[in-house]
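1. Sequence and predicted structure, then a few things I'm wondering about:
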Amino acid sequence: MVEPSNAMSTAGEVPRRLCFYSGGFLTQPRLRRILQLAGHDLRLGLPGPGDGVVVWGRSPYAHRGEAFARSRAVPLIRIEDAFLRSIRPGRMGDPPIGLLIDPVGVHFDGTAPSRLEQILASASLDDSNLLVRARDGIARMRQLDLLKYNNHDPNLAPPPPGYVLIIDQTRGDASIPDPGTFQRMLGAALVDHPTARIVIKTHPETRSGHRPGHFTAADATGRVTLLGDPVSPWRLLEGATAVYTVSSQLGFEAILAGHRPVVFAQPFYAGWGLTHDRHPHARRSRRLDLDALVAAALLLYPVYVGATTRKPCPPEQALQELVALRDARAGAGGQVAWWRRMVRPLLSRP
């Protein structure tokens, strides 16, 4: 897929002043705050020389900014949630603790480069301090039971170990090239593992009723079951003997848990020697280890801002802030009370 504007795409620089054309940049103060602390000035109006245009990933409203970037020949900047995001998914109301700010492309589109792909392909990822931070970060995430979303129930037990895990995603996800891939993935898992139990994990937004997934109760036949319970992803991955994904974030998290997932699309974590790729990626030939992948995706690529300090912070502090928010929720008398008393006042201030 060709980006609407390739100005500065190889340099990977982001202009200071960014023009926007969708309401989310007006109504989400947390979003504006992160971009401002990253050094950017958000504006309405036409971009001038030296300006850029910012859009949210490939959202339904991104075409407005794409058109302006193309017509004015200025850089197009796409932003997305960081891979450490929040307690609950965004559609449940939680703002992100970090953002991915990409002047090259978007990380989930394997047909075109992104800044993350450039980092993974060519950056020096052998710095010992960086790799120690990555390794410690994985251990810390496992210890704290934290990943991108963190509204699981730590008291829920996963299915008995020994199953093959299939990861569902929501319909309309921009990272999915072909919705029919999900049925092909299920068929492949059944053939590859003719006697194993198959567990299909539904997406948190499907479980909460916000968006449908690709699998339904009709797929739960024979040795196939659907799992909608909010089980800890770490515990779920520990009990799996194999993991199948199209392009889910949980596929990346499966690598963190020691798996080499079978991947049916071209997400950012595919093509580096850490996955079984059903559709190999022609541009990605570098071989990386887990620590290098994590260093790029969690340390070098995102911008984090503390939910309580409202200041830029390293990913290690972002982890601790997610723990604090989760503990506040658990101790504030339930989900609604937690949101009203603790989180909304902190995250609504610019």
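-> Here it is on my side, so go on. Computed from a prediction, not measured in an experiment: that's the story for all the values here.
2. quick one: Phe268 is in a strand?
-> No. According to DSSP: H, G, I helix; E, B strand; the rest coil, Phe268 belongs to no strand; its state is coil.
3. Burial check on it, number of neighbours?
-> When neighbours are defined as other C-beta atoms under 10 Å, Phe268 has 28 of them. Any C-beta I mention is one placed from the backbone N, CA and C, and that applies to glycine too.
4. cool, Phe68 as well?
-> 21.
5. so is the closest residue to it other than its chain neighbours in a helix, a strand, or just coil?
-> Nearest in space to Phe68, with sequence neighbours left out and distances taken as C-beta to C-beta, 6 or more residues apart in numbering, is Val53 at 5.3 Å. Assigned with three-state DSSP, Val53 falls in the strand class.
6. What residues are bridge-paired with Val53?
-> Cys19, Leu76 (DSSP bridges).
7. ok, it - contacts?
-> Going by C-beta atoms under 8 Å, 6 or more residues apart in numbering, Val53 touches 5, 18-21, 47, 65-66, 68-69, 72, 74-77.
8. got a pLDDT number for it?
-> Here, the pLDDT recorded for Val53 equals 98.
9. Distance-wise, check it relative to Arg78.
-> 10 Å (C-beta to C-beta, to the nearest Å).
10. where do the contact lists of these two overlap?
-> With C-beta under 8 Å, 6+ apart as the test, Val53 and Arg78 reach no residue in common.
11. Could I get the average pLDDT for stretch 132-142?
-> Averaged over stretch 132-142, pLDDT sits at 96.
12. how distant is that stretch from the center of its chain?
-> 18 Å (C-alpha atoms, centre = their mean, to the nearest Å).
13. So for it, what gets flagged as buried?
-> Using 16 or more other C-beta atoms under 10 Å as the burial criterion, the residues of stretch 132-142 that qualify are 133-134, 137-138, 140-141.
14. Show residues contacting that stretch.
-> 147, 234, 256-257, 290-292, 294-295, 298-299, 315-316, 319.
15. got a list of what Thr206 touches?
-> 168, 170, 212-213, 228.
16. element containing it, please.
-> Secondary structure assigned from DSSP states H and E places Thr206 in helix 204-207.
17. where does Glu205 land on pLDDT?
-> On pLDDT, Glu205 comes in at 82.
18. Would you check that it makes contact with Asp94?
-> No. Glu205 is not in contact with Asp94 according to C-beta atoms under 8 Å; the separation is 11.9 Å.
19. Could you check which of the two is surrounded by more residues?
-> The neighbour comparison of Glu205 against Asp94 (other C-beta under 10 Å) goes to Asp94, with 23 against 20.
20. Looking at the buried residues of stretch 132-142, spot the one nearest Ile119.
-> Ala134 (12.8 Å; C-beta to C-beta).
21. Got the phi and psi for the closest one?
-> Taking degrees, to the nearest 10, you get phi -60, psi -50 for the backbone angles of Ala134.
22. same thing with Gln28?
-> phi -110, psi 90.
23. number of nearby residues for it?
-> Quick note: Gln28 (other C-beta under 10 Å) scores 17 neighbours.
24. Kindly provide the distance from it to Pro315.
-> Distance from Gln28 to Pro315, by C-beta to C-beta: 22 Å.
25. next one: Arg260
-> Taking C-beta to C-beta, one finds Arg260 at 24 Å from Pro315.
26. can you tell me which residues contact the most centrally placed residue in the chain?
-> Centroid check for the chain by C-alpha atoms, centre = their mean gives Phe83 as the closest residue, at 4.2 Å. Each residue near Phe83 by C-beta under 8 Å, 6+ apart is listed here: 100, 148, 249, 252, 297-298, 302.
27. Name the nearest of those residues relative to Asn129.
-> Of these, the one sitting nearest to Asn129 (C-beta to C-beta) turns out to be Leu298, at 14.8 Å.
28. pLDDT weak spots in this structure?
-> 1-12, 332-350 (pLDDT under 70).
29. 50 instead?
-> Counting by pLDDT under 50, the chain shows low-confidence ranges at 1-11, 334-350.
30. mind listing the strands for it?
-> Residue ranges of the strands in the chain, as given by DSSP state E, are 17-19, 41-43, 52-56, 76-81, 98-102, 163-167, 198-201, 224-227, 240-245, 262-263, 276-277, 302-305, 312-313.
31. Please report phi then psi for the nearest residue to Leu288 once chain neighbours are set aside.
-> Distance criterion C-beta to C-beta, 6+ apart; nearest residue to Leu288, sequence neighbours excluded, is Trp272 at 4.3 Å. Phi and psi for Trp272, reported as degrees, to the nearest 10, are phi -110, psi 10.
32. Can I get the contacts of Phe83 in JSON lines including distance to Gly110 and neighbour count?
-> As requested, the contacts of Phe83 are arranged in JSON lines below (distance: C-beta to C-beta, whole Å; neighbours: other C-beta atoms under 10 Å):
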{"residue": "Leu100", "distance to Gly110": "15", "neighbour count": "23"}
{"residue": "Lys148", "distance to Gly110": "19", "neighbour count": "18"}
{"residue": "Gln249", "distance to Gly110": "15", "neighbour count": "23"}
{"residue": "Phe252", "distance to Gly110": "13", "neighbour count": "25"}
{"residue": "Ala297", "distance to Gly110": "15", "neighbour count": "24"}
{"residue": "Leu298", "distance to Gly110": "19", "neighbour count": "24"}
{"residue": "Pro302", "distance to Gly110": "19", "neighbour count": "23"}
